[in-house]
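Prediction below, plus the sequence it came from.
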Amino acid sequence: MRAFAYSRADSVDHAAHRITHDAAFVAGGTTLLDLIKLDVLKPKNVVDINALPLKRVERLDDGRLRIGALVTNTDLAHHPEVKRHYPLLSQALLAGASTQLRNMATTAGNVMQRTRCPYYRDAAAACNRREPGSGCDARGGLNRLNAVLGGSDACVAVHPSDMCVAMAAIGATLTLSSADGEREVAFGDFHRLPGDTPHIEHDLADGELITAITLEPPLAPAGSYYLKLRDRASYEFALASAAAQLSLDGEMIGEARVALGGVGTKPWRCPDAEAALVGQPAQIATFERAAEIALRDATPLEHNAFKIPLARQSIVRALREATRLARDEGKQEGQV
Amino acid sequence: MMDDSAHSPRPSDETVRLDFTLNGEPRTIEVAPNAVLLDVLREQLGLGGTKKGCDHGQCGACTVHVDGLAMNSCLRLAIMCQGQQVTTIEGLAKDGQLHPVQQSFLECDAYQCGYCTPGQMMSATALLADDRIGADDASVKEAMSGNICRCGAYKNILEAIQQARVQLGHDATTPRKEDVA
Amino acid sequence: MNDLTRPRVIGQRTPRIDGEFKLTGRAGYTGELHAEGMLYGYPVPATIAHGKLEALELDEAQAMPGVVDIFHHGNFDTLHRSPNSMGHGDQVSEVRLPFEDETIHYHGQYVALVVAKTFEQARAAAYRVVARYRQASGAVPSLLGRDDEGLPIESEGSSRGDPEAAFSGAPVKIDRTYHIAAESHLQMEMHATLAEWHDGGRRLVVHESTQGVVYQRNAMARIFDLAQEDLEVISHYIGSGFGNKLFMWPHAVATAVAARRLQRPVKVVLPRQQDMMSGGNRPASRQHIRLGAGRDGRLTSVIHDSITETSLVDRYIDSCGSATPSFYACDNLAVSQRILPVNHGTPCPMRAPGEVSGIFALETAMDELAVELKMDPVELRLRNYAESDPESGLPWSSKQLDKCLQSAAERFGWDKRNPEVGSMRDGDEIIGYGMASCTWFAGRQPCQARVELRADGSLFVGCGTQDIGTGTYTIVAQTAAELTGMPLADIEVKLGESGLPSGPLSGGSMATASTLPAVAAAVRDALDALKEVATGNGGAFEGLSADDLEVGQGGLSHGEHRVSFAEVLKTNKLASVNGQGSTAPGAEQNAYSFRSFGAHFVEVRFDPGISRVRVARVVSSMDIGRAINPPAARNQVEGGIIMGIGMGLFEQLEYDPRDARLINSNVADYILPTHADAPEIDVELLDYPDFEFNEFGARGVGEIGLTGVAPAISNALYHATGKRHRDLPITIEALLASS
Ligand SMILES: Cc1cc2nc3c(=O)[nH]c(=O)nc-3n(C[C@H](O)[C@H](O)[C@H](O)COP(=O)(O)OP(=O)(O)OC[C@H]3O[C@@H](n4cnc5c(N)ncnc54)[C@H](O)[C@@H]3O)c2cc1C
Ligand code: FES
Ligand code: FES
């Protein structure tokens, strides 16, 4: 682990001023320190932002939920507003990492976490994301963990977050702050596809930090389900995951949201699959058609073709479970 | 070549001051800015009870409590603990009396080599004090999954946790910390 | 009191005597030890697997704060290799010395060792060492995916009858190939060394996390050309080993050289990545099994041909077929073994080495045969039951496999199994039931021990073996307590020092059976000495003969007259009496065959809609002779079951096929079972003491629990899905193909 200087920011402005291309914020530290130890990230200055007042979760007047950048994954998962109105997000958070890591990890840090591609994490391997122009060892290598959606010749690295998959499905806005003030970016626009510039991972400029993420108002009455498929039962990143959310109109699907994790180079919202669900009967055949559509453009690499059928399975099952929950929800509403 | 001669000062020669509470005692120490809590505990403070199994947040052997929450000390800069309460396995027993979790680990033979064990017990004590985590076996297993035991003593660890839960009675489920505002 | 057929302490549930140290953080494992003036070493691993180190650029690293020195091929001491002999007790894991030359044989081979004042400084500087390589073509990344013949290893073969003819004439045939990926021991505590020289570089003390202090002492004595008395290897607490800490690795030599040159203690703890690259692995295997049988299920031919990996620097043989000749009654049998050098760090024994792989192949093949015959798999095993050892022709000392099969089947509810594939369902899940037998040989090594009975009322036992988590400290204390009637609290046990009387490796499930007889002999020797004192001049029982005295409750007695050991000593103004014990396997080895046996029954739940399999339940019965400390013994089997789930479903070291680089050398990408993967486990230890083996009746229990788990899982999966899995681990990819 290389040496660096450390400082603490006591205001958002202060933090924004400190951040230059060779500096990094530390929030929970669970991505940053991991990657500094691997010699993948090499900041000369580390700016601790934990003293900033960004730890609140608040319901806005327009029904949206504003989450401070420093709210931990644990606290967010168990927050009463989240548990009641966004169980999808709660489930996704609790499916991620471990108890200890969730106690440390923050909302903004989670959005900013880096890929788990083994070649990105191996400083001696060729990786365009880590070192622009060096090549991609994953394409022709052991690419079981890599993406089947959104990859380019330059990079096929998966965005590994669970939380982000739920947020992609729910819909959200990021608030970015800099010395020049604040700006808002739609969640879906924040993470970049790798294209020819995989090292530009997101829409965050030097001198900017994430201060909040605001969720769209919840769908209601709706059912939602986050399903994470992996080798072992816990403490492993997704090989494929699906966040599904839908409202019912009798036996027909009203609104629907579907996003995928573990398979895309960014948290992967599936608008075409959603369109194929709306107005259709809530049954397996419909879900299967949506799953087909969601993976229509998937391109397998040598070792990850299994992710395509696996992702389809995750969608079908998550939709089935979301439907079951929506029906329960509907029944309860009817009773009131 | 022996090196005690002075190098020109460089970042890692400098240290920063850390004031924190360790196992109930206020401490002030100097640490390198890039020093990780786990290494400071083990190498600088002589508290070897907290173990290193991976150094990357992947095993849980380094679990300590920071302000009452279980955390991986291998992924936390020591200096980030400024003003915080850190508790390690050395701080679990009080007045020479094993903590009920330690006692139940002893009775249930909830370990073999003992290397993952401090981390298991730090997670277990935090879990038993956290009413957001279910008390059933499946919830406990899920919540404990950040602590790998290669010796595979999982069955006995679960039994020990549930036995300690009974012993701790009501104390165990007092909420640990107010929810976020 | 001395009647070990009816013991009081042995066989009783005994909380570990080292438990309190482990549970309070006071047990000092090697990596957390400190010495005055200690420096930190951090190795620099090769980033290629095959080629040459062309240049090392050290200037930048050398100039980093705190850096004291950097060791490498250009400046390393000239040393001798260890003779590497098992017989002489100086076996090492990798015979090549560190930095011996500039050829790179595997990814992670050390190219330099940076030594600095703090850990952070050593690591920071190690990252700044620039190594330039010339990569060679033709790296061999793995045995898997190739059809090389490899080198034959005649010593591992076995044959009887005419297996080829019997096979070709058999009415029912199974002819299958099985593959198992390379695995990592992933013991929780990484390899670690703290080396300290004394007396101006004439005496070396090494703290090492090792399963064999005596072996390492002997090997280092040869490498550094020291007398054994001038070298001490210490290992009081070990964060387990599973075989990769049996024999020394090069980091220990590099650390000792650095300490000698710098005249300061040096500590090296391998980072996990390096531990996995260069600290041992279970080699991948390819096994070809042919079974011939009659329609009645009786085996007429067993042919088991295996090939396993070794490295380019050593010849490690993972003998897959070694249990096969003794497993089933069959007159025609052939077992062969080959090895293939690949560009990996040298493989080494890993829990149940060889046999666990062989049993996967054999017990899966037996299930295939049962399916072919439409016979219950338990029945098939009973039909081929070996009443005596078909390999040696000798009777078994004690074999209760039939009882294991019966008991485990009953507790599991095997009779509720509908043999039809996929016939048992529960909601989204298909339930599969599978079983396999398991076995591990019972071995014993020579052992010595020393005992001191002290006037302060305590008893000291010392033996140069180790406790790697199996509970050796506790069973040694139990033994002393059993034979003296003293409370455990008064017994002090010291293990893990090469200066103690030579003890066995903590491996091969041999430590218990080897150590306890020597401890018992030493206790008796001390008691004899005490009786001599007591009956001699001025003694507490002056005038009586030693034979008149009874031993019990920490004292000697004659009729109503009872005097504690301490009083006996005090009466004669003695501080202590000593006893020595030295034992070795004897004539019984020619009269019997010794093996433990057992059976695992497994329930898997497969959800085809999401291609997910979970092991839900494991019920096992083990015939291991007597368990000295039953909870600790059961813990070993339960841990073996967990490791077997890893072997069956998750674990594989992944080497890049292009250049043999290991890409998953970390605890996240190398997948281990977690708490959430632990099934409901019910382990029964049958209690049939094996007194032919030793007076304690114990055969040891470290390995057997792992054997047989993976085939029981794959057999259960077949029952659930109808797809036969012959390659381990059984991944989601393989499962998808069966949904
Ligand atoms: C072993 C392991 C397993 C894991 N498993 C999972 C899993 O299953 N699912 C999952 O989703 N995640 C998983 N994670 C990832 C984990 O969720 C992330 O590491 C965590 O969310 C990052 O948050 P942090 O606060 O610790 O970030 P930090 O490490 O503090 O920061 C991460 C990055 O974000 C930047 N950053 C932090 N805050 C801000 C801000 N406010 N504005 C701008 N930039 C900022 C930092 O500079 C840094 O580049 C795992 C991690 C580990 C180590
Ligand atoms: S050492 Fe911290 S999680 Fe493994
Ligand atoms: S007791 Fe050895 S790793 Fe858990």
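Nice, I can see it. Ligands and ions are numbered 1, 2, ... in the order given.

what does the stretch 601-739 of chain C put close to chain B?
For the stretch 601-739 of chain C, the residues in contact with chain B (Cβ under 8 Å from any Cβ of the partner chain) are C:631-632, C:635-636, C:638-643, C:666-668, C:672-676, C:678, C:681. (Each C-beta comes from the backbone N, C-alpha and C, glycine too.)

mind running it again at 6 Å?
Counting by Cβ under 6 Å from any Cβ of the partner chain, the residues of the stretch 601-739 of chain C lying close to chain B are C:631, C:635, C:638-639, C:642-643, C:667-668, C:672, C:674-676, C:678, C:681.

shaky segments in the chain?
The chain I'm using is chain A. When the per-residue scores of chain A are filtered using pLDDT under 70, the ranges that remain are A:333-336.

I was after chain C.
Using pLDDT under 70, the flagged stretches of chain C are C:1-2, C:738-739.

OK, now which residue of it is nearest to chain B?
As assessed by Cβ to the nearest Cβ, chain B sits closest to residue C:25 within chain C, at 1.9 Å.

Next, count neighbours for that residue.
The burial count assigned to residue C:25 is 25, neighbours taken as other Cβ atoms under 10 Å in any protein chain shown.

list the contacts for it?
B:49, B:89, B:90, B:118 (Cβ atoms under 6 Å, 6 or more residues apart in numbering or on different chains).

How about residue C:433?
In this structure, residue C:433 makes contact with C:417, C:603, C:716, C:719, judged by Cβ under 6 Å, 6+ apart.

Out of those residues, list just those in strands.
residue C:603 (DSSP state E).

any chance of the contacts of residue C:433 in a markdown table, plus neighbour count and distance to ligand 2?
Putting the contacts of residue C:433 into a markdown table (neighbours: other Cβ atoms under 10 Å in any protein chain shown; distance: Cβ to the nearest ligand atom, whole Å) gives the following:
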| residue | neighbour count | distance to ligand 2 |
| --- | --- | --- |
| C:417 | 23 | 41 |
| C:603 | 25 | 32 |
| C:716 | 31 | 32 |
| C:719 | 29 | 37 |
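
follow-up on the earlier one: closest one to ligand 3 out of the residues of the stretch 601-739 of chain C next to chain B, please.
residue C:639 (8.1 Å; Cβ to the nearest ligand atom).

looking at this, the closest one is in a strand?
No: assignment of residue C:639 by DSSP: H, G, I helix; E, B strand; the rest coil gives helix, placing it outside any strand.

follow-up on the earlier one: what's the closest of the contacts of residue C:25 to ligand 2?
For ligand 2, the closest of those turns out to be residue B:118, at 11.2 Å, with distances computed as Cβ to the nearest ligand atom.

where does that closest one fall, phi/psi-wise?
Note on residue B:118: its backbone torsions stand at phi -60, psi -40 [degrees, to the nearest 10].

do residue C:684 as well
Per-residue torsions, residue C:684: phi -110, psi 130 (degrees, to the nearest 10).

same question, residue C:486
phi -80, psi 150.

any idea where the strands of the chain begin and end?
Picking chain A for this. For chain A, the strands identified by DSSP E occupy A:5-8, A:23-26, A:45-48, A:57-59, A:65-68, A:172-178, A:181-186, A:209-215, A:222-229, A:240-249, A:252-261, A:268-269, in order along the chain.

You answered for a different chain; I wanted chain B.
With DSSP E applied, chain B shows strands at B:16-22, B:25-31, B:63-66, B:69-72, B:85-87, listed in chain order.

how near is the nearest residue to residue A:184 once chain neighbours are set aside to residue A:111?
Leaving aside its chain neighbours, residue A:184 sits nearest to residue A:173 (5.0 Å; criterion: Cβ to Cβ, 6 or more residues apart in numbering or on different chains). Between residue A:173 and residue A:111 the distance is 12 Å, computed by Cβ to Cβ, to the nearest Å.

Nice, that's everything, thank you.
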